[in-house]
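[1] Test case, fold it:
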Amino acid sequence: MNENLPGRERVGEFAAPKIPERPAFLPSVPEKIAAFALYVLAYLYARNLWTLFDAPPKQRLWLLVFFAGFVALGELLHRGTPRAGESWVWLGCAAVCLASLLLGRGSVWNELSPACGDVTVVFLHLFAVWWLLSRSGRLSEGRSGHLLPLDALNAFVLIPFRHFFLRVRTVFHTLTHLRRGKLPGASALGWSALALCAAAGLFALAAGLLMDADSGFASLLERVATVFRFDVDELFALRLLCSLPVGAYLFGLLAGCARTQPETLRARAASVCSALERLRRVPSGVWCALVGAFCLLYAVFFAVQFRYLFGAFTRSLPPGFIVSQYAREGFFELCKVMAVNLLLLWLVTRSAREPLRERPWLCALTLALLAESLLFSVVAASKLLLYIDCFGFTPKRLASSWLVCVLACACVCAGLHLLRGRRTFRFWLVFSAVTAAALSLF
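    Numbers count the residues shown, from 1 in each chain. Got it, this is the predicted structure:
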């Protein structure tokens, strides 16, 4: 056996394989602070989350404390990381949703579900997590982009669960490695704590015996004990138990972002992009025929239903229709058709053998498809405006207006990307998030 081979070391008369040494686990000071602070914040979250939807706004101040603590710990753990300008957008959106919950607003989103404010709560969580990704520089492309599903997978699943037991390790390391050089008397402090616990138990035993021996002394101690009595409700143990995995998840997210190297995320994003490139197998001629079929279908629909679709512009309703029936019928179906067209565009751009801008016919057909989608949005908006003009403005109709605007903005951004090659996805994402957060104040 050749003992000079790399990765081997001589042990006696044999050349044994060299086992690489694992680096020692050394949590940073901010991680130690966050590990212990999250025990309090996680219990606060677990104790009050299920009362959020039926509690009045004045009893939601705990959410402000939790949010401030989450942001403070995020800033503490990433204080040396350059701040991305995009992070201010997500922090602002989260703050607006928080203000909506504290002020008892959010009627636009409340009408979409029976529970009060649950949609706003979901938005708050999404914006807070996205702020952390942006603040820590752990977005796959360094900014929000078309790899949004991968970033969401990293933020909500991979990073927190990969570091799920990091808090336990950090706490255990902190308690077992009290630095004797930096903390004089650490050993004496530990023994003193043990002595205190033992003395407290003996003190309670002695007091109990004295109370049994003298009823007058027992009544005196009972009056004194009422001052220091801590009432623990029957759900305390359950809430405390629930807060442990919540705190482990949050610490795994906060500290896991700091421990995850951006290069690792970039490499993962590159592998996903290369996998998407391997999907380019469909000939462009096939997609030209399929997209052309969609465009022809929509053109026939517009021609046949012209009077019905555009009656809202001239305020001339089709025979047999009333305003409410005409305005509501087909609105969400038109929005779904727009969503289908955007999904079709994504399939074309990801599976066509050649890029769309290199195939003029395919590019022209996809632009025509986007133009027809915009026309669908105009028709849906005209129906909604007619409904609002006749029956008034309600929060639910404002949410419907937001949906139409978001879909129309997506079509415009996709068209600009095809025409000029600009990266417009982040603009659409920010537009959707900012407007959704703003609507939560109504």
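[2] What ranges in this structure fall below the confidence cut-off?
    Applying pLDDT under 70 to the chain flags the ranges 1-23, 50-56, 58, 110-117, 178-193, 224-234, 307-330.
[3] Run through the strands of it in chain order.
    8-11, 14-17 (DSSP state E).
[4] Return the residues in contact with Val108.
    By CB atoms under 8 Å, 6 or more residues apart in numbering, the residues touching Val108 are Pro395, Lys396, Leu398, Ala399, Trp402, Leu439, Ser440, Phe442. Where you see a C-beta, it was placed from the backbone N, CA and C, and this is true even at glycine.
[5] swap the cut-off to 7 Å and go again
    Pro395, Leu398, Ala399, Leu439, Ser440, Phe442 (CB atoms under 7 Å, 6 or more residues apart in numbering).
[6] can you tell me which of those residues lies nearest to Phe161?
    Checking the contacts of Val108 against Phe161 with CB to CB, the nearest one is Ser440 at 29.3 Å.
[7] Apart from its neighbours in sequence, what residue is nearest Trp90?
    Leaving aside its chain neighbours, Trp90 sits nearest to Trp131 (3.9 Å; criterion: CB to CB, 6 or more residues apart in numbering).
[8] For Trp109, give me its contacts.
    Contacts of Trp109 by CB under 7 Å, 6+ apart are Val119, Thr120, Ala399, Leu439, Ser440.
[9] could you measure it against Gly392, distance?
    Using CB to CB, to the nearest Å, we find Trp109 at a distance of 19 Å from Gly392.
[10] The stretch 201-350 of the chain: helices as residue ranges?
    Assigned by DSSP state H, counting those that start in this stretch, the stretch 201-350 of the chain shows helices spanning 215-228, 236-259, 262-277, 284-304, 306-309, 311-314, 323-328, 331-351.
[11] Just give me the neighbour total for Gly80.
    Gly80 is flanked by 7 other residues according to other CB atoms under 10 Å.
[12] correction: Phe203
    10.
[13] Equivalent analysis for the one 10 residues further on, please.
    The burial metric for Ala213, expressed as a neighbour count using other CB under 10 Å, is 9.
[14] and the gap between the residue sitting nearest the centre point of the chain and Val404?
    Centroid check for the chain by CA atoms, centre = their mean gives Leu126 as the closest residue, at 2.8 Å. Distance from Leu126 to Val404, counting by CB to CB: 22 Å.
[15] next one: Tyr249
    Distance of Tyr249 to Val404, computed by CB to CB: 36 Å.
[16] One more: Leu362?
    From Leu362 to Val404 the distance is 28 Å (CB to CB).
[17] list the contacts for Lys374?
    Just to correct that, residue 374 is Leu rather than Lys. Neighbouring residues of Leu374 by CB under 7 Å, 6+ apart: Ala408, Cys411.
[18] that older thread, in helices only, show me the contacts of Val108.
    Taking DSSP state H as the definition of helices, the contacts of Val108 contribute Pro395, Leu398, Ala399, Leu439.
[19] How many residues are close by the third one?
    It stands for Ala399. Ala399 has 19 neighbours, counted by other CB under 10 Å.
[20] Also the second one?
    A total of 17 residues lie near Leu398 under the criterion other CB under 10 Å.
[21] what's the closest non-adjacent residue to it?
    Going by CB to CB, 6+ apart, Leu398 has Val108 as its nearest residue, at 5.3 Å.
[22] what's the domain layout of the chain?
    Annotated domains of the chain cover 29-172+236-275, 280-439 [automatic domain parsing].
[23] if I look at Ala35, how far off is Gly69?
    Look at Ala35 and Gly69: by CB to CB, they are 13 Å apart.
[24] between the two, who's got more neighbours?
    Under the neighbour definition other CB under 10 Å, Ala35 and Gly69 were set side by side, and Ala35 has more, 25 against 19.
[25] What residues does the more buried one make contact with?
    With CB under 7 Å, 6+ apart, Ala35 has these contacts: Arg167, Thr170, Val171, Phe251.
[26] redo that, cut-off 8 Å
    Pro27, Arg167, Thr170, Val171, Thr174, Phe251, Ala255.
[27] Can you add distance to Ser144 and neighbour count and give those back as TSV?
    Compiled in TSV, these are given as follows (distance: CB to CB, whole Å; neighbours: other CB atoms under 10 Å):
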residue	distance to Ser144	neighbour count
Pro27	30	20
Arg167	28	26
Thr170	30	21
Val171	34	18
Thr174	36	16
Phe251	25	29
Ala255	23	25
